[in-house]
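Asker: No sequence on hand, only this structure:
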């Protein structure tokens, strides 16, 4: 019973992330990852997210929450936050202890890892949907649906066993249902309001071009760098005129230290076909004015700048020598 109960209680831990004007749902969710190496060594990690922005961490050594944003508590009172953090601290300790005590009963073998995600999402029409899913070793294990435990096909007999053991405990499901459908939505709306100024900020991207390591003889790897933008949604593509180059490869979004993002897009082309290509960047902060960087022009500008710098150095050196001779 405790295996699923303790995962479900994780939804109490307050966490959140950013809400933009996009049509995709805005989600608040908790992530829990617990690694069991053996009967005595365990590593627990917990975090709270609003979409792709982490606003809470968890210090498993001290059993305390880490508030990463000034508005991470939403509109919850200090007393509510204290109660939730204390409950999560107890959950942290109890979950590990009970799992270690029932390893054989749940047909588990060391080492193993349990992951859990629980939260709710706000849709464009105002509807809020809640969710809770547990995984074992990266595979779906159980979920919470219609006030009941639902074993995942991938979970096999172990998932069915957990749900069977939980079935008689209706009080537990009532608590979970209240947390998912009352506490979570109230927190999500509150944190979106509290963090509105930060969440709705717009930072324009900076972009530049470079060449990467040659993919092969007679070929070029064109690289378009885009950095310093916020929020995260970004569109970048190599173009020839108005035609998108479908071979464009986009890397992962990487965070900058100031909370903005970095992204790069590459294109492998024959050296003779690079002329006329351009990198196009679309972002909400640009107000519909796309950034367009032309490959040939970018290289020419760099060469011109270098030439001017060299010329200035030569002239300066000549003036210094002339002055010294006159002196």
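Answerer: It's in. It should be emphasised that the depicted structure is a prediction, and the values quoted were computed from it without experimental measurement. Numbers count the residues shown, from 1 in each chain.

Asker: Tell me how far the residue minimising distance to the centre of the chain lies from residue 186.
Answerer: With distances taken as Cα atoms, centre = their mean, the residue of the chain nearest its centroid is residue 52 (3.4 Å). Going from residue 52 to residue 186 by Cβ to Cβ, to the nearest Å gives 22 Å. Where you see a C-beta, it was placed from the backbone N, CA and C, and this is true even at glycine.

Asker: same thing with residue 253?
Answerer: Using Cβ to Cβ, residue 253 is found at 30 Å from residue 186.

Asker: Name the residue in those two with the higher neighbour count.
Answerer: Using other Cβ atoms under 10 Å, the more surrounded residue of residue 253 and residue 186 is residue 186, with 16 against 13.

Asker: buried residues in the host helix or strand of that one?
Answerer: Secondary structure assignment for residue 186, by DSSP states H and E: helix 184-194. Within helix 184-194, the residues scored as buried using 16 or more other Cβ atoms under 10 Å are 184-192, 194.

Asker: ok, now stretch 147-157?
Answerer: 149, 151-152, 155.

Asker: for stretch 32-51, same thing?
Answerer: 32, 34, 36, 42, 44, 46-51.

Asker: again, but for stretch 280-288
Answerer: Neighbour-count burial for stretch 280-288 [16+ other Cβ under 10 Å]: 280-281, 283-284.

Asker: okay, now residue 198: neighbour count?
Answerer: Neighbour count for residue 198, taken as other Cβ under 10 Å: 15.

Asker: doesn't residue 69 make contact with it?
Answerer: Yes: using Cβ atoms under 8 Å, residue 198 is in contact with residue 69, at 6.9 Å.

Asker: how about the helices in the stretch 201-327 of the chain?
Answerer: 295-326 (DSSP state H, counting those that start in this stretch).

Asker: which stretches of it form strands?
Answerer: Assigned by DSSP state E, counting those that start in this stretch, the stretch 201-327 of the chain shows strands spanning 206-211, 219-229, 235-240, 243-244, 249-250, 254-255, 261-270, 277-282, 291-294.

Asker: before we move on, back to that, need the contact partners of the helix holding residue 186.
Answerer: Residues outside helix 184-194 that contact it (Cβ atoms under 8 Å, 6 or more residues apart in numbering): 11, 14, 16, 19, 26, 28, 50, 55, 71-76, 118-120, 122, 128, 130, 199.

Asker: Figure out which of the strands of the stretch 201-327 of the chain is closest to residue 62.
Answerer: Closest to residue 62 of the strands of the stretch 201-327 of the chain, according to Cβ to Cβ: strand 254-255, at 25.3 Å.

Asker: partner strands of the closest one, parallel or antiparallel?
Answerer: When pairs are called by DSSP bridges, strand 254-255 turns out to pair with strand 261-270 (antiparallel).

Asker: In the partner strand, which residues are buried?
Answerer: Buried-residue list, strand 261-270, by 16+ other Cβ under 10 Å: 261-267, 269.

Asker: Off-centre distance for it?
Answerer: Strand 261-270 has its C-alpha centroid displaced from the chain centroid by 21 Å (Cα atoms, centre = their mean, to the nearest Å).
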